[in-house]
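Participant: predicted structure and sequence below. I'll ask about it afterward.
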Amino acid sequence: MSAAVVSPSADQEFARYRADFPILAERIHGKPLVYLDNGASSQRPTAVLDAERRYAEHLHANVHRGVHTLSQRATDAYEGARERVRVFLNARTAREIIFTRGTTEAINLVAQSYARPRLGPGDEILITWLEHHANIVPWQMVAEATGARLVVAPIDRRGELDLPAFTALLSERTRIVATAHVSNALGTVLPVREIVALAHARNVPVLFDGAQAVPHLKVDVRALDCDFYAFSGHKMYGPTGIGVLYGREAILESMPPWQGGGDMILTVSFSGTTYNALPHKFEAGTPNMGGAVGLAAAIDYLDRIGLARIAAFEHDLLEYATERLSAIDGLTIIGTARAKASLVSFTLAGVHPHDLGTILDQEGIAIRTGHHCAMPVMEFFGVPATARASFAFYNTRAEIDRLVEAVAAARALFG
Ligand code: 7TS
């Protein structure tokens, strides 16, 4: 990793944002909370909570239906949130922004609506070894239904994608490439531009699972030139139950709806139904309007701080945590890619990750332990589970010191 570029005052400056997150003042087992499970779900600032509440108190009714004022307000708020997401991702048009429940639903939408009708025996879906289950299982289901084959590009001991092997696995049989932008189990930032260039050279569309990328890196879907991009609100300081699928308009146009119901139709009769235009074609039923409004508020909040500054600050935190944790006897960091974002996975000799998680919880420190819904990654590194500390810009060096002290104490007691 390169040297940190953040000045010492950045720590103080970023610590100021902690006051925006009421939950960070909680005490757990009598100790101040140290929240290091942001990769699973980050916390929400007052700006997001207020936006959700304001929506509920002043704007809420069902969308796209009523002529009454509240319904129009709700529709404006919901469609305004879509436009906000469009700007955030630099998509060409809001027709390319589909609201979903989250990353999982977004990937399933592409698997069922893009891949399933197109694929057959002999066709291949190319993913990588470091995917979250949300970017494995939907493709396995499509493979099972169509006779297509799931092909998995290998990673190396650092947790980096083996790009030559990936290149060799791309073939005239490949119908879609789907990879993480940032790995949730290892923190690896994947070479997304190279992946797109390689896939597009063979006319293969690319989906990125951006669940772990959007809170930490500036994502521009036009610059990336990807065909699909999926992410969740709750990992980027927004609400749960809301996420986004970005899709290139021409491809989305060519895809059939994947769920039927209200809002996704223009006319329905028993002799036939005509479908609504993008993006509504993919949003059957009443959507999560309050969630979309909250997500838009989270984007506003992130933009006010600036993702470039957040990335630099978190990089500094990551280097600090890596350095301090590495110095603990018996601690092994799993995932040492040269390009990493905002998390450290590790094992501790003699202490099972679950026990470590419980011990740290007693100290008020929240980390995630387990397989992180990435069982193949655990299998690759020959570990049943890891402990994972995942950072947000509201974390501090002092919190990392508390983590390090607690891990070292656990090692001394049980290791
Ligand atoms: N993809 C990645 C890379 C993820 O990290 C996650 C969730 C998902 C997809 C699924 O997102 P969802 O919002 O649809 O559930 N990752 C984690 C995690 O690392 N710990 O808990 C959830």
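Facilitator: Everything's here; your move.
Participant: tell me who's in contact with residue 103.
Facilitator: 134, 209-211, 230-232, 243 (CB atoms under 8 Å, 6 or more residues apart in numbering). All C-beta spots, glycine's among them, are computed from the backbone N, C-alpha and C.
Participant: from the ligand, how far off is residue 173?
Facilitator: Going from residue 173 to the ligand by CB to the nearest ligand atom, to the nearest Å gives 25 Å.
Participant: I meant to write residue 35 there.
Facilitator: On the measure of CB to the nearest ligand atom, residue 35 and the ligand end up 13 Å apart.
Participant: same question, residue 23
Facilitator: Taken as CB to the nearest ligand atom, the span from residue 23 to the ligand is 17 Å.
Participant: quick one on the thing from earlier: now narrow the contacts of residue 103 to whatever sits close to the ligand.
Facilitator: With CB under 6 Å from any ligand atom as the criterion, the contacts of residue 103 include 134, 209, 211, 232 near the ligand.
Participant: which ones among the residues you listed map onto strands?
Facilitator: 209, 232 (DSSP state E).
Participant: can I get the ones next to the ligand among the contacts of residue 103 in a markdown table with pLDDT and neighbour count?
Facilitator: Below are those laid out as a markdown table (pLDDT from 0 to 100; neighbours: other CB atoms under 10 Å):
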| residue | pLDDT | neighbour count |
| --- | --- | --- |
| 134 | 98 | 22 |
| 209 | 99 | 28 |
| 211 | 98 | 27 |
| 232 | 98 | 30 |
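Participant: which residues touch the residue positioned nearest the centre of the chain?
Facilitator: In the chain, the centroid-proximal residue (CA atoms, centre = their mean) is residue 211; its distance is 0.8 Å. By CB under 8 Å, 6+ apart, residue 211 lies in contact with 102-103, 132, 134, 180, 184, 230-232, 235.
Participant: looking at those, which are in strands?
Facilitator: Going by DSSP E, the strands hold 180, 230-232 from the contacts of residue 211.
Participant: can you tell me which of these is nearest the ligand?
Facilitator: The closest of the ones in strands among the contacts of residue 211 to the ligand turns out to be residue 232 (CB to the nearest ligand atom; 3.3 Å).
Participant: okay, and the beta partners of the closest one?
Facilitator: residue 243 (DSSP bridges).
Participant: residue of the stretch 251-400 of the chain closest to the ligand, please.
Facilitator: For the stretch 251-400 of the chain, CB to the nearest ligand atom, closest residue to the ligand: residue 372, 4.9 Å.
Participant: where's that residue relative to residue 40, distance?
Facilitator: For residue 372, the distance to residue 40 equals 8 Å [CB to CB, to the nearest Å].
Participant: about what we covered before: spit out the contact partners of the closest residue to the residue of the stretch 251-400 of the chain closest to the ligand other than its chain neighbours.
Facilitator: Once flanking residues are discounted, residue 372 sits nearest to residue 185: 4.3 Å by CB to CB, 6 or more residues apart in numbering. By CB under 8 Å, 6+ apart, the contact list for residue 185 reads 130, 132, 334-335, 345, 371-372, 374, 377-378, 386, 388.
Participant: repeat that with 6 Å
Facilitator: Applying CB atoms under 6 Å, 6 or more residues apart in numbering, we find residue 185 in contact with 345, 372, 374, 377.
Participant: now swap in residue 132 and tell me
Facilitator: 184, 373-374.
Participant: do you know the pLDDT at it?
Facilitator: For residue 132, the pLDDT comes out at 98.
Participant: max pairwise distance over the contacts of residue 211: which two?
Facilitator: 102 and 180 (14.7 Å; CB to CB).
Participant: so which of the two has more stuff around it?
Facilitator: residue 180 (28 against 22; other CB atoms under 10 Å).
Participant: hey, what's the more buried one bridged with?
Facilitator: Going by DSSP bridges, residue 180 forms beta bridges with residue 209.
Participant: enumerate the residues of the stretch 51-200 of the chain near the ligand.
Facilitator: Going by CB under 6 Å from any ligand atom, the residues of the stretch 51-200 of the chain near the ligand are 102-104, 132, 134-135, 180, 184.
Participant: and the one helix or strand residue 407 maps to, what other elements does it pack with?
Facilitator: Following DSSP states H and E, one finds residue 407 within helix 397-414. Packing contacts for helix 397-414, counted by 3 or more CB pairs under 6 Å, 6 or more residues apart in numbering; DSSP states H and E, involve helix 307-326, helix 353-362.
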